[in-house]
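J.: sequence unknown, structure follows:
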């Protein structure tokens, strides 16, 4: 990487080279997330055993692997779920120690986790939930809260991303939602919060092909050169719609193979065994 | 003992016998089955002033527009303004003189349950015994707001008794705004309401209890319902050292609907005890009971809900639900649903749950940027909202909601 990229700011580039160039050049290669030798356990059981991963702005990474390999644990640890204890290693997010932050601070810094099993919250509508979330994040960033009119406008705009309608957003969050509605609601929330790093944890689970397409289209529309996506998935299917730049295979808490999107196709065809047996040899 | 001074009081014969009954029983202790978790034994250690003559103080009462107000300050009841035609506010003796027939029926009503010595104490010593009398077919379009406030400079027992009588087809919304000052000396607030809802009449009764820590409040509400009458009862126990609510419904008619809604949010060193009875004595009626509690700090909650379905009460639908959230490890909730069903063609259900806020839900909310305290507040308010939302007076709903939020936030230290 040429040295001069590191400390030049967006404005400077914009002035000299024009907007597009600045965005592509500056953000696309900006280091966003660095995971170094990350170990995590639940109770006495070590699940992550030395994860190393670099994610830059503009990239889509897919984390694949057989059941129980630690994929969802990695997603949870990044979002700050307390059940897991990080025993060693570090995670830096735009230079900040992510592990040092509470889950809500991580969200305010721009991390978003789309849950595999979105939680039902009786009595709280999606709109009220999102209003609280947006204004808490704005408070964290020292910004003025949005008012009702601004919310209305914003929600209307974001609803279009996932083809979700107002009646669903007025209902108690996720309560009695179908699998597809829950996942669309997750992507709606992602659209509202506009995270820098979106982690999609098995977003394809429980979705039929139509719902999968709608969800994937939503994710793709939200993609930009200054944000990144980590797609955690068991199957290649989702990657037909959200095309990754890199594919990593997680096995027993370590990334054992990385490659480009072709690796996912190979896994689809041959399964995981050939990688695992290669490890034993 | 505090009750020693009562022995010297001389009363008219009937009142004297009430007093004697109280003296024989004394204050309830937790040896009494109905008071297992709520002992009033410590009231014996206080030198009570039994006859409050103290002048009233200014209260910060609930501001509700478009109401008629009745004020009770330290046990003295006053009507402010005037009541619409067809509604009378008068003392019990005058009412009884005008309605001998009704009084005869009233006196034959179902006896109150045992273990209620404070009812007897109230009967003997109530400083006012007033009647709200809504005449046949009169439907009040604005609520009557009863602001009850107490603040005393020596430990005092404040006792009033109220009769609400709705004649056939009458309709009334009554709001009880009960409060005492935070810096008052000890108060024993002992409040009896006897309510008669005639055929086709409709009563909405919203009670908010927001007392200081030095107040022990005991509430007795007895409601008789005749054919096709409807009662929506709300009890919001927001604050107070100790609150005990005895709520008894006597379903003495067919196609009666009785709705019992309750919400309690006891904080540190507070106890709220809700004892409810729905006594179905006639067929084809319906009762719905929904109680919810958020227990903060080291508070204690008690719920005992009895439903009786007597042999004649066929085709009764009786539902009961009591759900609680323990917001701290030090809080305790005791629940006891009690159904006694003698009729065979009925639909009854009951369910009580006591749990903690879901860690999953908290993490989900935090992962969207909501701080843990804000998430807890939001979850707890959402939990109780169902009860608050049933109140149909917007300003009152908002006031209750705000007080619940403030109390939760105070407990969380935010």
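T.: Cool, got the structure. Predicted model only: the values in this text are computed from it and were never measured.

J.: the helix or strand bottoming out on mean pLDDT in chain B packs against which elements?
T.: Within chain B, no helix or strand scores below helix B:4-7, which has a mean of 80 by mean pLDDT, DSSP states H and E. Where contact means 3 or more Cβ pairs under 8 Å, 6 or more residues apart in numbering or on different chains; DSSP states H and E, helix B:4-7 is packed against helix B:13-25. The way it works is simple: take the backbone N, C-alpha and C, and place the C-beta from them, glycine included.

J.: at which residues are the strands of chain A located?
T.: Along chain A, counting by DSSP state E, strands occupy A:31-42, A:45-56, A:60-64, A:85-93, A:96-97, A:111-114, A:121-125, A:172-173, A:197-201, A:228-232, A:246-251, A:254-259.

J.: adding distance to chain B, mean neighbour count and mean pLDDT, write those strands out as TSV.
T.: Formatted as TSV, these follow (distance: least, Cβ to the nearest Cβ, whole Å; neighbours: other Cβ atoms under 10 Å in any protein chain shown; pLDDT from 0 to 100):
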stretch	distance to chain B	mean neighbour count	mean pLDDT
strand A:31-42	14	18	96
strand A:45-56	17	17	96
strand A:60-64	18	24	96
strand A:85-93	14	15	96
strand A:96-97	16	12	96
strand A:111-114	5	26	97
strand A:121-125	3	19	91
strand A:172-173	8	22	94
strand A:197-201	10	25	96
strand A:228-232	14	25	96
strand A:246-251	21	22	95
strand A:254-259	24	17	94
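
J.: how about these, which one is nearest residue B:235?
T.: strand A:121-125 (20.0 Å; Cβ to Cβ).

J.: got a list of contacts for the closest one?
T.: A:129, A:169-175, B:361, B:364-365, B:378-379, B:381-383, B:385-386 (Cβ atoms under 8 Å, 6 or more residues apart in numbering or on different chains).

J.: who does that strand pair up with?
T.: Sheet pairing for strand A:121-125, assigned by DSSP bridges, gives strand A:172-173 (antiparallel).

J.: show me the shaky parts of the chain.
T.: No chain specified, so I'll use chain A. The model of chain A has pLDDT under 70 over residues A:1-29, A:280-281.

J.: right idea, wrong chain: chain B
T.: In chain B, residues with pLDDT under 70: B:1-2, B:53-62, B:110-115.

J.: close to chain A: what parts of it are there?
T.: Residues of chain B lying close to chain A (Cβ under 8 Å from any Cβ of the partner chain) are B:358-361, B:363-372, B:374, B:378-379, B:381-383, B:385-386.

J.: skip the chain neighbours and tell me the closest residue to the residue of chain B found nearest chain A.
T.: Distance from chain A to each residue of chain B (Cβ to the nearest Cβ) is smallest for residue B:382, at 2.9 Å. Nearest residue to residue B:382, sequence neighbours excluded (Cβ to Cβ, 6 or more residues apart in numbering or on different chains): residue A:123, at 2.9 Å.

J.: swap in residue A:208?
T.: Nearest one to residue A:208, counting by Cβ to Cβ, 6+ apart, is residue A:180 at 7.0 Å.

J.: need the contact list for that neighbour.
T.: Counted by Cβ under 8 Å, 6+ apart, residue A:180 has contacts A:206, A:207, A:208, A:210, A:211, A:214, A:215.

J.: out of these, who has the most neighbours?
T.: Counting neighbours by other Cβ atoms under 10 Å in any protein chain shown, residue A:215 leads the contacts of residue A:180 with 25 neighbours.

J.: distance of the residue nearest to residue A:208 relative to chain B?
T.: 19 Å (Cβ to the nearest Cβ, to the nearest Å).

J.: just the buried members of the residues of chain B next to chain A?
T.: Buried members of those, counted by 16 or more other Cβ atoms under 10 Å in any protein chain shown: B:361, B:363-372, B:374, B:378-379, B:381-383, B:385.
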